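Below are the sequence and a predicted model; questions follow.
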Amino acid sequence: MNKLKGGINMNGNLLTMFMIGVLVLGVSGFAIADDDDEVKADISKIDLDDVSGGDATAFARIKVKDMGDLHKVKIKLKAKNLDQMDDYVFEGWLVDEDTGYKLSLGAFNTRKHKNAKFSFEQKLVNFEIYDLLVITQEPIDDTIPTPDTPILVGALN
């Protein structure tokens, strides 16, 4: 059983997150376009749910471009009503439910009126293994390289 620190059972929430993802993404969850024999996947928009008991809302636009052995991944997140505590930051994670592996995407802070924007762009070998996009709240001087308290969660598939 995979649990993120903070007691969120990621396996127990997978079915719920998957069903929400299906409802949000509908049939066109992965749009495949090809003009130059280049496969592109566009997970157009996913909603992230507040799992902390707060009223934060967020959505992410995710684009994946197949580059042969690599996948060029672009994630743009917009969040509202994130309550940022002193001495804490938010951090984005891709989570593989099968193995429990969690990849940090980087940290960010809120801006005006508890709003935040976060962008991630990188070439990855195996983007298709990830099931969830998770936003956590982390201590500023965190020395533990695993996710702390989950705030927002969204299913990728």
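Yep, that arrived.

all strands in the chain, in order from the N-terminus.
All strands of the chain, identified by DSSP state E, fall at 3-4, 8-9, 31-33, 40-50, 57-67, 70-80, 88-95, 102-108, 116-124, 132-139, 149-155.

now those strands in CSV, with mean neighbour count and mean pLDDT?
For glycine as for every other residue, the C-beta is placed from the backbone atoms N, C-alpha and C. Listed next are the strands of the chain as CSV, based on neighbours: other CB atoms under 10 Å; pLDDT from 0 to 100:
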stretch, mean neighbour count, mean pLDDT
strand 3-4, 18, 48
strand 8-9, 15, 46
strand 31-33, 11, 33
strand 40-50, 18, 79
strand 57-67, 18, 94
strand 70-80, 18, 96
strand 88-95, 21, 97
strand 102-108, 17, 96
strand 116-124, 15, 97
strand 132-139, 23, 97
strand 149-155, 24, 97
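
Can you name the residues that contact the residue nearest to the spatial centre of the chain?
For the chain, the residue nearest the mean C-alpha position is L133 (1.9 Å; CA atoms, centre = their mean). Residues counted as contacts of L133 (CB atoms under 8 Å, 6 or more residues apart in numbering) are 46, 48, 60, 62, 75, 77, 92-95, 153-154, 156.
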